[in-house]
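In: I'll drop the sequence and a predicted model, then ask my questions.
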Amino acid sequence: MAIGNRNQPNKTSFISYNCRSVMRSIDCVKLLCQTADLIALQETWLMPHDIPLLGGIDRDFAYTGKSAVDTSAGILRGRPYGGVAILWRKSVFKCVSVVECKSVRLAAIKIALENRHFLVFSVYMPTEAIENLTEFTDCLSEMSAIIDSNNEDSAYMLGDFNAHPTALFGKELKLFCCEQNWMCADIDILGSSSDAYSYISDVHGSRSWLDHILVTEAANLSVIDVRIKYNISWSDHFPMELIC
C-alpha cells in the first residue's frame, strides 16, 4: 500500500490524522511512519504523563505533543479527549525546535532545512457551534501571531478544523484565510465542488470535509498535491497527505 513518496528524494510527505486515540490507532500511525516524513496528529487522548509514549511509535521519529487535560484540577474521570502531536523523521529534519503555543489545541515546530526554514502546526479545533466560534477564531489568530513573531514566511497548518466548507466554521475559515493571504491547499487542489470528505459520522454515517491543510503564500509554492487516504479507516477521520 503506497501512501507516500519516500522513493522520490526531492519530495516530502506530510500527513495530518485525527487518530481518535493514538494508542488505539498505534498500528495505523506506525504504518504512516513507514512512508511519511512528518505526521500531525489530533485527538491523541493522552494524559500529560503519557506524552513520552509518542517516542516509542517509531524510533526514526522525534516528537512533540500536548495533552488537553489539566491535571491540576484534581481527580479525573473519563477519557482524556483532545490532544495534539507532531512526529518528524529525524534523518530528514535534523534541526527542529519546538514552538510554544498557549492553546492546548495547537502544537508547533520550527524546521531548518538547508537554506530554508518553516513552521508546522498540528491543529484540533472545537466542534462547530456558535458558542465555540470565539475559540475557533482565537486559535487561528494565535497561529497568525506565532508566524509573525517568528518572522516566518512559510508555514503549514495541518489538522482537524471541524470546518466543513459550506458550514459556519468553513465560511469563517475561508474569510480568515483571505485576510491573511493563506491558502487552503486541500480545497484548492481537490476542488470545493468535489465530493471529497475526510470524516464519516459513527452515528448516522454522514460525510463531512472537516480536515484541512492551510499554507502561507510562501509555503504554497512548495505544494505539489493533496490526497485523502480513504483506504485507511482506523478512525472516523481519514488521513490527509500533503506532498511538497
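Out: In hand now; what should we look at?

In: mind checking the end-to-end distance for stretch 97-110?
Out: End-to-end span of stretch 97-110 (CA to CA, to the nearest Å): 5 Å.

In: Kindly report the same for stretch 192-209.
Out: 10 Å.

In: Could you do stretch 233-242 as well?
Out: Taking CA to CA, the first and last residues of stretch 233-242 lie 18 Å apart.

In: swap in stretch 214-234?
Out: End-to-end distance (CA to CA), stretch 214-234: 24 Å.

In: do stretch 23-37 as well
Out: This stretch, stretch 23-37, spans 20 Å end to end (CA to CA).

In: Equivalent analysis for stretch 170-190, please.
Out: Separation of the first and last residues of stretch 170-190 by CA to CA is 16 Å.

In: Stretch 192-205 now?
Out: 21 Å.

In: Would you mind checking the average pLDDT for that stretch?
Out: In this model, stretch 192-205 has a mean pLDDT of 93.

In: cool, stretch 102-116 as well?
Out: Averaged across stretch 102-116, pLDDT comes to 94.

In: List the buried residues in that stretch.
Out: 103, 105-111 (16 or more other CB atoms under 10 Å). Glycine gets a C-beta too; all of them are placed from N, C-alpha and C.

In: got these as JSON lines, with distance to A185 and secondary structure columns?
Out: Converted to JSON lines, the buried residues of stretch 102-116 look like this (distance: CB to CB, whole Å; DSSP: H, G, I helix; E, B strand; the rest coil):
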{"residue": "S103", "distance to A185": "22", "secondary structure": "coil"}
{"residue": "R105", "distance to A185": "20", "secondary structure": "coil"}
{"residue": "L106", "distance to A185": "18", "secondary structure": "strand"}
{"residue": "A107", "distance to A185": "19", "secondary structure": "strand"}
{"residue": "A108", "distance to A185": "18", "secondary structure": "strand"}
{"residue": "I109", "distance to A185": "19", "secondary structure": "strand"}
{"residue": "K110", "distance to A185": "20", "secondary structure": "strand"}
{"residue": "I111", "distance to A185": "18", "secondary structure": "strand"}
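
In: T35: which of the residues you listed is nearest?
Out: Distances from T35 to the buried residues of stretch 102-116, taken as CB to CB, are shortest for I111 (18.7 Å).

In: That closest one is in contact with V120, isn't it?
Out: Yes. Using CB atoms under 8 Å, I111 is in contact with V120, at 6.5 Å.

In: Need the residues touching each of those two.
Out: Residues touching both I111 and V120 (CB atoms under 8 Å, 6 or more residues apart in numbering) are W88.

In: who's in contact with L106?
Out: 66, 84, 121-123, 139, 142-143.

In: does E241 sit in a helix or strand, and which one?
Out: Per DSSP states H and E: E241 is located in strand 240-243.

In: In this structure, spot the helix with the most residues.
Out: helix 133-149 (DSSP state H).

In: coming back round to it: what's the strand holding E241 packed up against?
Out: For strand 240-243, the elements it packs on are strand 13-18, strand 155-160, helix 185-190, strand 211-215, strand 225-228, judged by 3 or more CB pairs under 8 Å, 6 or more residues apart in numbering; DSSP states H and E.

In: Following element in sequence after the third one, please.
Out: Using DSSP H and E, the helix or strand that follows helix 185-190 towards the C-terminus is strand 199-200.

In: Name the surrounding residues that touch that next one.
Out: 18, 206-211, 236-238.

In: now do 10 Å
Out: Applying CB atoms under 10 Å, 6 or more residues apart in numbering, the contact partners of strand 199-200 are 18, 160, 162, 164, 206-211, 230, 233, 235-238.

In: Looking at those residues, which one is closest to S193?
Out: Closest approach between these and S193, by CB to CB: W209, at 11.4 Å.
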